[in-house]
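Q: Here is a sequence with its predicted model. Questions after.
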Amino acid sequence: MKLSTFSLWCIFCLIQYLKYARAPGSVAEESAEETRKISPKDWELYLEREWPVYKNILNAIGRFKNKRRLDCSIGSMDDPAALSPDWPTSLNYNIKTISMVTTKLSDVIYQAQPLQNSGRNAEEKELLLKWGVTDVLSLKLVFHRIFAYYKMMESLEQEFLEQGEGIDEFPSRGDPTPWEAHNIRILALYIEDATSNGMDMEDNIETRPGSRNLVFRFWNVIREQSMNAASYLTQAIEFSDRNFNAPGFTEIVSRRDLANQVSSSPPFTVSRVLLRLRDFFSCWAVQSQGVLDKLQMLRQLPDPITEPEWITITDEEFSKIATDEGGEEVL
């Protein structure tokens, strides 16, 4: 059996509708069970009124998706959105750089301890001065500070990978179809967790009142996490500027950066690695705020359909009603 182009298009639209109306693990799944019915006419009038707002939301999410492909990607093989899994400005790349510093410091501590115990002070001093300290205890304190940065970023990386999966579920400019009007309709359904029993939206539209709040909460969590991480890294950069500029630090991070063909002048430092990390979180904060700003422009949904209330009356009551309305008494 051959299907016409129009039939294939209808099937495609239905698949996309089902995907975003009930996406596994989506905001829609978490919304309250209570539903609110809206007539198809009111829904279409609502879409017509809010069309520019939904278009702005669609574009804002699209900008975020484009940004996180390269400019502020998470990176690693676990980030399908990243154009390169090991891009030098990605979150994962710079977390790995910090990890390399901690590994090297651990090795230096292992080398310095026997020198201290054996009284080989000259060799110990030469080794430690390369890292800007004069004793093993100070080097251990340096190690623990940088290791804390590493563990914090590693934890955030996993959280942001999960947030990225949530972002990918939202319709946006060019996703899931090249047709903007279709994507806007899907986005409206997704945000309101709206469903219809009719393929052509001829039946009443069922929305979930709590869904929009969950969408707001999703984007706000990203914004707050990003801002907090950026603030934390600002303090880390200030500390690093004062304490992590010794040749040992610069040598290891510069060697890794040059290996990936990124020119650095002045020489690459731990502070610049932390700055790249802060830039990543600042990017996510700005982009998520952009989506929130557009979401806040959405107005209320139309009033729900009022279901008729049915009552039972006796024959006598029915006869009285008919008589009161000027008709003949019904026997």
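A: In hand now; what should we look at?
Q: Show me where this structure has its helices.
A: Remark: helices of the chain, listed N- to C-terminal, are 5-21, 27-30, 40-67, 91-117, 121-129, 136-169, 180-191, 211-243, 247-259, 270-295, 315-324; assignment by DSSP state H.
Q: tell me the most buried of the ones you listed?
A: For the helices of the chain, the largest average neighbour count (mean count of other Cβ atoms under 10 Å) is found in helix 270-295, namely a mean of 22. Yep, even glycine has a C-beta here, placed from its N, CA and C like the rest.
Q: and that one, what does it pack onto?
A: Using 3 or more Cβ pairs under 8 Å, 6 or more residues apart in numbering; DSSP states H and E as the contact criterion, the neighbours of helix 270-295 among helices and strands are helix 40-67, helix 91-117, helix 136-169, helix 211-243, helix 247-259.
Q: now those as CSV including distance to Asp293 and mean pLDDT?
A: Listed next are the helices and strands packed on helix 270-295 as CSV, based on distance: least, Cβ to Cβ, whole Å; pLDDT from 0 to 100:
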stretch, distance to Asp293, mean pLDDT
helix 40-67, 8, 95
helix 91-117, 24, 88
helix 136-169, 16, 94
helix 211-243, 10, 95
helix 247-259, 36, 80
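Q: Which one, of the ones you listed, ends up nearest to Asp303?
A: The stretch from the helices and strands packed on helix 270-295 with the least distance to Asp303 (Cβ to Cβ) is helix 40-67; that distance is 7.5 Å.
Q: how many other residues sit next to Pro130?
A: Just so we're on the same page, residue 130 is Lys rather than Pro. Summarising burial for Lys130: neighbours were counted as other Cβ atoms under 10 Å, giving 14.
Q: That one against Asn245, yeah?
A: No - with contact taken as Cβ atoms under 8 Å, Lys130 and Asn245 are classed as non-touching, separated by 12.0 Å.
Q: Kindly point out which residues are neighbours of both of these two.
A: Overlap between the neighbourhoods of Lys130 and Asn245 is empty, taking contacts as Cβ atoms under 8 Å, 6 or more residues apart in numbering.
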